[in-house]
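Peer 1: How does the following fold in three dimensions:
(2 chains)
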Protein chains: 2
Amino acid sequence: MINLIKMICKICKTNQAEIALKSHKIALCKNDYISWIEKRVEKTIKQFKMFSKQDKILVGVSGGKDSLVIFHILKKLGYDVKGVFIDLGIPFYSQKSKEKVIKCAQKEGADIKIIDVKDEFKYSVIEIAQRLKRPTCSVCGQIKRYMLNKIAQDFDVIVTGHNLDDEIATLFGNLLSWQVGYLQRQFPVLKEEQSLKRKVKPLIFLTEREISAYAFFEEIDYLIEKCPFSKGATSIFYKKIFNQIEQEMPGTKLRFLKLFLKNKKIFGKPQKIDLKPCKICGYLTTTEICSICRIKIKLGLINLE
Amino acid sequence: MINLIKMICKICKTNQAEIALKSHKIALCKNDYISWIEKRVEKTIKQFKMFSKQDKILVGVSGGKDSLVIFHILKKLGYDVKGVFIDLGIPFYSQKSKEKVIKCAQKEGADIKIIDVKDEFKYSVIEIAQRLKRPTCSVCGQIKRYMLNKIAQDFDVIVTGHNLDDEIATLFGNLLSWQVGYLQRQFPVLKEEQSLKRKVKPLIFLTEREISAYAFFEEIDYLIEKCPFSKGATSIFYKKIFNQIEQEMPGTKLRFLKLFLKNKKIFGKPQKIDLKPCKICGYLTTTEICSICRIKIKLGLINLE
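Peer 2: Coordinates of the predicted model:
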């Protein structure tokens, strides 16, 4: 542990440091930490040409720290940003998440739309997964992507709260099983493709710890609890592993991701996927009828006759 | 933990199993385990065309489990194998290692030559590192490589005891820091190059645990203690990390290495290094005077005037 008691902020050289960042070899006071985080986010946005002040930005907010923090930072930096919360209908968890999102919207005076999976699919993601006899997380991911893409039609870009820990866990999993296709696609920006909007991850170079500290200093009230279905997920295990590595060798997470991005051309360009509109709903798909309409057919929400 | 009490050997289907291997989803009796390990080593030797029964094979034995096990297996499989032990002059450790090697040579009725770093360099590797003000492990590795190459002139191939855990630790380290050059070269066979003999690693697909169990069943008496200088080595930390991963997801180590070897062409071919004989000793080098002669000059063992 770094002893903060006698440390002064490395930026202002006046105030007592309130947070030490071993991986960056700095300790900062509250105000300078807040600006430092915001500058790093802005730098990432510009480095990867994610969006500009002219773009209409949609943030998918879940009620967790990452999405509420990026929503807050983008608003603070003066971007034209709106939020969307997707109520998945997960008992207790979705309700608590929604409360945090509503509170945040009120506090920020911000526009966060709330949409409900049940309005379109009649059932919660859990019920859908049960009826389809499929894993909940897989169905949930698919439906969230669909609903986010649908609501994003009036926007230029979709922002998600993926952080450094998320990206490292994905990268490590892809390397362990040498998923070359996924390695080709892993990038802070997923380009727009016909009706699918650009997707970007401005928090990709910030750790969970850095984001939590920012939320704490900025008094952003988020849901600490994780989705009950995420328990035992491989990604959580990989995150624990990399926290041990980071503890032993500070800076490894950031270096690992940055070096991967610098060298990822080694894996070749992502294969072009031939997307065409679904015959029923027009959503882009590789098959005749998209996976969402196939879900709706199975749920009896679409009658083909 | 797998309960072995009620398990019978998957191969002979008769004897009580004595070892369970989660990563291979099998449990085996002592005799079938021994043959299974030997077959896996022979398969690796053939798969990578490491050497044949006609080749003169030199094993670098350290007194640890890996090198004594590969020496034992190669002898048992009928290969023309001799050993060499390099006495590095590390207090206690080198002495104890040498005793194990001598005991093994006597038991196997085998030919293991003992050479001493001090005979050529006047000092132990520790003293050399101190005089050169360089890290001990770096000097030691360099001198071991040199002495092994030198004594290998009368052989066709050099065998080392690197195991799956060693290879995974190296691979992970190289991936974390994207050492493309090292990733290009990491392979079970390092081809011969002028006077440098081929170097091969037949234990590359066996874990430390599998090798220890084989040594136990075959009553190979090895030095369990590690070199005192290896304490705190990054490779040991990476091995611990991968033991946790293996525990959670059995088979990951083997899959990770095999998939890397299958896909490693992604990283491109190793760059050809332009080697020429050292002006003083003839050892292959990229410079005028090889690094070994430069050490000898600094130690006052070679007088340039």
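Peer 1: Identify the residues contacting the helix or strand harbouring A:A169?
Peer 2: Assigned by DSSP states H and E, A:A169 falls within helix A:164-176. Helix A:164-176 has contacts (C-beta atoms under 8 Å, 6 or more residues apart in numbering or on different chains) with A:66, A:179, A:182-183, A:186, A:201, A:203-208, A:234-236, A:238-239, A:241-243, A:253-254, A:256-257, A:260, B:175, B:245, B:252, B:255-256. Heads up, the C-betas are built off the backbone N, CA and C, glycines and all.
Peer 1: Could I get the contacting residues of the closest residue to chain B within the stretch 201-305 of chain A?
Peer 2: Going by C-beta to the nearest C-beta, chain B is nearest to A:L259 of the stretch 201-305 of chain A, at 4.0 Å. Neighbouring residues of A:L259 by C-beta under 8 Å, 6+ apart: B:S177, B:W178.
Peer 1: Look at it and tell me its secondary structure.
Peer 2: Using DSSP: H, G, I helix; E, B strand; the rest coil, the three-state assignment for A:L259 comes out as helix.
Peer 1: you'd agree A:K191 is up against A:R198?
Peer 2: Yes: using C-beta atoms under 8 Å, A:K191 is in contact with A:R198, at 6.0 Å.
Peer 1: Now whichever residue of the stretch 101-250 of chain A sits closest to chain B: which helix or strand?
Peer 2: Scanning the stretch 101-250 of chain A for proximity to chain B using C-beta to the nearest C-beta identifies A:W178 as nearest, at 4.0 Å. Assigned by DSSP H and E, A:W178 belongs to no helix or strand.
Peer 1: Same check on the one 4 residues further on?
Peer 2: A:Y182 belongs to helix A:180-185 when assigned by DSSP H and E.
Peer 1: Need the pLDDT of A:M1.
Peer 2: In this model, A:M1 is scored at 48, pLDDT.
Peer 1: same for the helix or strand that A:I211 is a member of, what does it pack against?
Peer 2: Assessed by DSSP H and E, A:I211 sits inside helix A:208-217. If you count contacts as 3 or more C-beta pairs under 8 Å, 6 or more residues apart in numbering or on different chains; DSSP states H and E, helix A:208-217 packs onto helix A:30-47, helix A:65-76.
Peer 1: could you give the angle of the shortest one to helix A:164-176?
Peer 2: Here helix A:65-76 runs at 130 degrees with respect to helix A:164-176, directions being taken by axes from the mean of the first three to the mean of the last three C-alpha atoms, to 10 degrees.
Peer 1: residue contacts, the closest residue to chain B within the stretch 1-150 of chain A?
Peer 2: Nearest residue of the stretch 1-150 of chain A to chain B, counting by C-beta to the nearest C-beta: A:S23, 13.8 Å away. A:S23 makes contact with A:T207, A:E246, A:P250, A:G251, A:T252, A:K253, A:L254, according to C-beta under 8 Å, 6+ apart.
Peer 1: what's the burial count for the second one?
Peer 2: Under the neighbour criterion other C-beta atoms under 10 Å in any protein chain shown, A:E246 is assigned a count of 21.
Peer 1: Pull out the buried members of the contacts of helix A:164-176.
Peer 2: Buried members of the contacts of helix A:164-176, counted by 16 or more other C-beta atoms under 10 Å in any protein chain shown: A:66, A:179, A:182-183, A:186, A:201, A:203-208, A:238-239, A:241-243, A:253-254, A:256-257, A:260, B:175, B:245, B:252, B:256.
Peer 1: Does A:I236 touch A:S230 like I think?
Peer 2: Yes: using C-beta under 8 Å, A:I236 makes contact with A:S230 at a distance of 6.5 Å.
Peer 1: How far does the lowest-mean-pLDDT helix or strand in chain A sit from its chain's centre?
Peer 2: Every helix and strand of chain A was ranked by mean pLDDT, DSSP states H and E. The lowest is strand A:284-285, at a mean of 88. Computed by C-alpha atoms, centre = their mean, to the nearest Å, the chain-centroid distance of strand A:284-285 equals 22 Å.
Peer 1: Kindly report the same for stretch A:230-239.
Peer 2: 16 Å.
Peer 1: got the buried residues for the longest strand along chain A?
Peer 2: In chain A, with assignment by DSSP state E, the single longest strand is strand A:80-87. Going by neighbour count (16+ other C-beta under 10 Å), the buried part of strand A:80-87 is A:V81, A:K82, A:G83, A:V84, A:F85, A:I86, A:D87.
Peer 1: List the buried residues for whatever helix or strand comes next after it?
Peer 2: As assigned by DSSP H and E, the chain's next helix or strand after strand A:80-87 is helix A:93-108. Judged by neighbour count (16+ other C-beta under 10 Å), helix A:93-108 contains these buried residues: A:Y93, A:S94, A:S97, A:K98, A:K100, A:V101, A:C104, A:A105, A:E108.
Peer 1: So A:C29 sits against A:Q16, correct?
Peer 2: Yes: counting by C-beta under 8 Å, A:C29 does reach A:Q16; the two are 6.4 Å apart.
Peer 1: Which parts of the stretch 151-300 of chain A are strands?
Peer 2: A:157-159, A:189-190, A:198-200, A:276-277, A:284-285 (DSSP state E, counting those that start in this stretch).
Peer 1: Just name the most buried of these.
Peer 2: Among the strands of the stretch 151-300 of chain A, strand A:157-159 has the highest mean neighbour count (mean count of other C-beta atoms under 10 Å in any protein chain shown), at a mean of 24.
Peer 1: which helices and strands sit right next to it?
Peer 2: strand A:56-60, strand A:198-200.
Peer 1: export those strands to JSON lines and tack on distance to B:K265 and mean pLDDT?
Peer 2: Formatted as JSON lines, those follow (distance: least, C-beta to C-beta, whole Å; pLDDT from 0 to 100):
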{"stretch": "strand A:56-60", "distance to B:K265": "38", "mean pLDDT": "97"}
{"stretch": "strand A:198-200", "distance to B:K265": "31", "mean pLDDT": "97"}
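Peer 1: Mind putting these into JSON lines with distance to A:V159?
Peer 2: Formatted as JSON lines, the helices and strands packed on strand A:157-159 follow (distance: least, C-beta to C-beta, whole Å):
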{"stretch": "strand A:56-60", "distance to A:V159": "5"}
{"stretch": "strand A:198-200", "distance to A:V159": "6"}
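Peer 1: follow-up on the earlier one: is the helix holding A:Y182 positioned near chain B?
Peer 2: Yes: residues of helix A:180-185 are located near chain B by C-beta under 8 Å from any C-beta of the partner chain, namely A:V180.
Peer 1: Give me the contacts around that helix.
Peer 2: A:T170, A:L171, A:N174, A:L175, A:K264, A:F267, A:G268, A:K269, A:P270, A:Q271, B:N263, B:I266.
Peer 1: Then stretch A:295-305?
Peer 2: Stretch A:295-305 is contacted from outside by A:F121, A:K122, A:Y123, A:I128, A:R131, A:L132, A:V139, A:Q142, A:I143, A:I280, A:I289, A:C293, using C-beta under 8 Å, 6+ apart.
Peer 1: list the contacts for the residue lying closest to the last one once chain neighbours are set aside?
Peer 2: Right, A:C293. Distances taken as C-beta to C-beta, 6 or more residues apart in numbering or on different chains place A:I280 nearest to A:C293, at 4.4 Å, with adjacent residues excluded. Contacts for A:I280 (C-beta under 8 Å, 6+ apart) come out as A:I289, A:C290, A:C293, A:I302.
Peer 1: please redo it, this time with the cut-off set to 10 Å
Peer 2: Each residue near A:I280 by C-beta atoms under 10 Å, 6 or more residues apart in numbering or on different chains is listed here: A:E288, A:I289, A:C290, A:I292, A:C293, A:R294, A:K296, A:I297, A:I302, A:L304.
Peer 1: A:I34 too?
Peer 2: A:I34 is in contact with A:L28, A:I73, A:K76, A:A213, A:Y214, A:F217, A:E218, counting by C-beta under 10 Å, 6+ apart.
Peer 1: Reformat the residues you listed into JSON lines and put pLDDT and neighbour count next to each item.
Peer 2: Converted to JSON lines, the contacts of A:I34 look like this (pLDDT from 0 to 100; neighbours: other C-beta atoms under 10 Å in any protein chain shown):
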{"residue": "A:L28", "pLDDT": "97", "neighbour count": "25"}
{"residue": "A:I73", "pLDDT": "97", "neighbour count": "26"}
{"residue": "A:K76", "pLDDT": "96", "neighbour count": "14"}
{"residue": "A:A213", "pLDDT": "97", "neighbour count": "21"}
{"residue": "A:Y214", "pLDDT": "98", "neighbour count": "23"}
{"residue": "A:F217", "pLDDT": "97", "neighbour count": "16"}
{"residue": "A:E218", "pLDDT": "97", "neighbour count": "17"}
